[in-house]
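*Asks:* sequence below, structure please.
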Amino acid sequence: MTRRAVVLDCDTGTDDAVAIMLAALHPGLDLLGVTSVWGNVTVEHTTDNALRVLDHVGRHDVPVLRGADRPLGQAPDAAARARRLPPHLPLPPSSRAPAGDAVEWLVETLRATTRPVTLVATGPLTNVALAVAAAPTVVGAVAEVVLMGGGHARSNVTPSAERNVWWDAPAAQRVLQAGFERLVMVTLDATDQARATADDTARWRALGTPAGTATATLVEERLVQYGGPAPLHDPLTVAYLLDPEVVTLRHAHVAVETAGALTYGRTVIDLERVDGRPPNAHVALEVDVDRYFGLLSAAFG
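*Replies:* Below is the predicted model of the structure:
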């Protein structure tokens, strides 16, 4: 089996952690490194959380690089809409330290690679935008960008916007305009359909593995946070790499609103190709939930 080289860029909270475990444990993926970014919590804590997750599943060999601690732009009313989440995941602390700067490592890794790299981003796109700005030619080393962000009919931080894009709308727009050969945007429309229940957590805990137990614990936290069935947004990006049929894609032009007072951070997805601009993204709007959760169970078992 040819293993796909993957870099995961994330603001490690509960569902990012499940994405890290899936990427770290599946034999079809070669996880080169995890780059942290501010978002769910501060970058100090997202970095620490990523280290905790990797160490918990025995992947001490995967480096974690500390990334951006603030956006390129500033979303309106950011402080008022900041998430109130526990800074640490309920996993043992790591004895490791970050291996360096995320943006520098991304540039160096992509410049040096002799094989195509897939870049998966599940938080604000600040690191990716900074790497492209620092070395535009690295775009050519990326076989595919898969990001969790944006929405067509769904939003979650304002009536118009999804959180990851809203947190750094200028960065998201730069990434969409960067000219990557293939960009897949896994939207809130798709991920919000994939809601885990207590039955799912019981099934993952019954696997009796470190990843199964950790996933159950993390998703149980999400059930409390959501007051019921809770979406697993971020792992769907990695699941797509392993089984592209888990989502349904539409090819469309996507732009990000960076100026509108009411629509800041909205992803404008031209599904009907009304304005004639060429498509720049493959957009996931639907998910096969049984296939998705079955993939998690198989990988963590």
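
*Asks:* in this structure, where's the longest strand?
*Replies:* Counting by DSSP state E, the longest strand found in the chain is strand 247-256.

*Asks:* what strands line up against that strand, and which way round?
*Replies:* Here strand 247-256 has these sheet partners by DSSP bridges: strand 267-270 (antiparallel), strand 281-287 (antiparallel).

*Asks:* nearest the geometric middle of the chain, what residue?
*Replies:* Nearest to the mean C-alpha position of the chain, by CA atoms, centre = their mean, lies residue 122 at 1.4 Å.

*Asks:* residues near the closest residue to that residue other than its chain neighbours, how many?
*Replies:* Excluding the flanking residues, the one nearest residue 122 by CB to CB, 6 or more residues apart in numbering is residue 234, at 3.9 Å. For glycine as for every other residue, the C-beta is placed from the backbone atoms N, C-alpha and C. Each residue near residue 234 was counted by other CB atoms under 10 Å, and the total is 30.

*Asks:* gap between residue 234 and residue 246?
*Replies:* Going from residue 234 to residue 246 by CB to CB, to the nearest Å gives 14 Å.

*Asks:* again, but for residue 52
*Replies:* Per CB to CB, residue 52 is found 27 Å from residue 246.

*Asks:* go on, residue 146?
*Replies:* Counting by CB to CB, the separation of residue 146 from residue 246 is 12 Å.

*Asks:* what's the overlap in contacts for those two?
*Replies:* residue 240 (CB atoms under 8 Å, 6 or more residues apart in numbering).

*Asks:* residues in contact with residue 8?
*Replies:* Residue 8 neighbours (CB under 8 Å, 6+ apart): 19, 20, 23, 31, 33, 34, 35, 120, 121, 122, 238.

*Asks:* against which helices or strands is the longest helix seen in the chain packed?
*Replies:* In the chain, taking DSSP state H as the definition, the longest helix is helix 210-226. Here helix 210-226 touches helix 14-25, helix 43-56, strand 195-196, helix 198-205, strand 230-231, helix 289-300, going by 3 or more CB pairs under 8 Å, 6 or more residues apart in numbering; DSSP states H and E.

*Asks:* tell me what the first one is packed against?
*Replies:* To tie it back to what came earlier, the one meant is helix 14-25. Packed next to helix 14-25, using 3+ CB pairs under 8 Å, 6+ apart, are strand 4-10, strand 29-36, helix 43-56, helix 210-226, helix 235-242, helix 289-300.

*Asks:* quick one: strands adjacent to the first one?
*Replies:* Think strand 4-10. Counting by DSSP bridges, strand 4-10 is paired with strand 29-36 (parallel), strand 117-121 (parallel).

*Asks:* format those as TSV; extra columns: mean neighbour count.
*Replies:* Formatted as TSV, the strands paired with strand 4-10 follow (neighbours: other CB atoms under 10 Å):
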stretch	mean neighbour count
strand 29-36	24
strand 117-121	25
